[in-house]
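*Asks:* Sequence and predicted structure are below.
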Amino acid sequence: MRILVVKTSSLGDIIHTLPALTDAMRALPAIKFDWVAEESFAEVPSWHPAVAEVFPIAIRRWRKSILTTALSGEWRRFKQQLHEQHYDLVIDAQGLLKSAWVARQVGAPICGLDKNSAREPIASRFYQQKIAVPWELHAVERVRRLFAAALDYPLPESAGDYGLDKNQFVDIIPREQRVLFLHGTTRADKHWPEQYWQQLCNQVSAADCRVLLPWGNDTERARAERIAAAAENTEVLPRLRLNGLASVIATSTAVVAVDTGLAHLTAAFDVPAIALYGPTDPARVGTYGKHQTHLSARDYAAADHVVEPAIMAPLTPAVVWNTLQPLLNAQ
């Protein structure tokens, strides 16, 4: 049986889908998956042993210039690739109109979430098989239920397994303890205050641990440099692709992260991590897996000082350090 998965983005959403593939692979050993993913995330599905081929798509780039895309032939070549393989089923694991539209290009039966479960209810009109999944479940568990129903196998009672081997990203195991700060995210209200990062950097450095600061754009690079200036034994990394970031995460002693896609990669690698939440609910979209700690600003008393974003003010460096220090002592 060969299945096409349509889950184009985001990074976190793609990672959340991996445990469902592990379930399917164990229940149906002969099954193979191909995957349609945004070009910037396309390497991630290929890390899973059940995925045979990944088809990069560039919806984000294409819709900026539809005429250029049509003239370049990129869309035509993408459709040709899909039609070169016979699929028994297409699973739209995203539940958006754009993903349903992509799924329809294949010409195979489509399974997806029903109108009460999909993020965009209109997407369900494109599906031949419609699955109801409760909204209150964590995103990982929602996708696991979708795949189990679509492929007709019992939903495992055990926790989801991402199926990734972090050792494939490890060249050298560092001798020193290293704490990775994943400080970049898309929404302003999901950021942790910069002065908080600086104070935590001082505490980690004073504990004789090295702090690593990645970045993905000029704004994040400038922030990383300002954080690094607050303490010794701190390194601003060069700009890395996903494969390089995976290697850094896999060899980190611990990670402190805001609500960002890379935080979910720490969970997939079972790396001890502390994820910081303000406006989002970790019960539904938080890091999922072993050694994951969620700190939510709403669980702490209001701070008596002003920071930006204000929603994160109660989640002080002292709170984070009190949680991080035992992780470092345990290594």
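*Replies:* It's in.
*Asks:* contacts, neighbours, all on C-alpha from now
*Replies:* OK.
*Asks:* Just the pLDDT for W62.
*Replies:* Note on W62: pLDDT of 64.
*Asks:* ok, now Q331?
*Replies:* pLDDT recorded at Q331 is 68.
*Asks:* Residues contacting the longest helix along the chain, please?
*Replies:* Ordering each helix of the chain by length in residues (DSSP state H) puts helix 11-27 first. With contacts defined as Cα atoms under 8 Å, 6 or more residues apart in numbering, helix 11-27 is touched by 7-8, 31-32, 41, 44-45, 48, 50, 93, 139-140, 143-145, 147-148, 151, 153, 155-156, 160-163, 260-265, 268.
*Asks:* Buried subset of those residues, written for PyMOL?
*Replies:* Buried members of these, defined by 16 or more other Cα atoms under 10 Å, are picked up in PyMOL with:
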select buried, resi 7+8+31+32+41+44+45+48+50+93+139+140+143+144+145+147+148+151+155+160+161+162+163+260+261+262+263+264+265+268
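*Asks:* Poorly predicted segments of this structure, please.
*Replies:* 61-72, 331 (pLDDT under 70).
*Asks:* Now do the strands in it.
*Replies:* For the chain, the strands defined by DSSP state E occupy 2-6, 32-38, 51-57, 89-92, 110-113, 129-131, 178-182, 210-213, 234-236, 254-258, 273-277, 292-296.
*Asks:* how about these, which one is nearest A330?
*Replies:* strand 254-258 (10.6 Å; Cα to Cα).
*Asks:* Quick one: list the elements packing against the closest one.
*Replies:* Applying 3 or more Cα pairs under 8 Å, 6 or more residues apart in numbering; DSSP states H and E, one finds that strand 254-258 contacts strand 178-182, strand 273-277, helix 317-329.
*Asks:* Which strands or helices does the longest one pack on?
*Replies:* Just to be clear, that refers to helix 317-329. Using 3+ Cα pairs under 8 Å, 6+ apart, the elements in contact with helix 317-329 are helix 194-206, strand 254-258, strand 273-277.
*Asks:* how about a cut-off of 10 Å?
*Replies:* On a contact count with 3 or more Cα pairs under 10 Å, 6 or more residues apart in numbering; DSSP states H and E, helix 317-329 meets strand 178-182, helix 194-206, strand 254-258, strand 273-277, strand 292-296.
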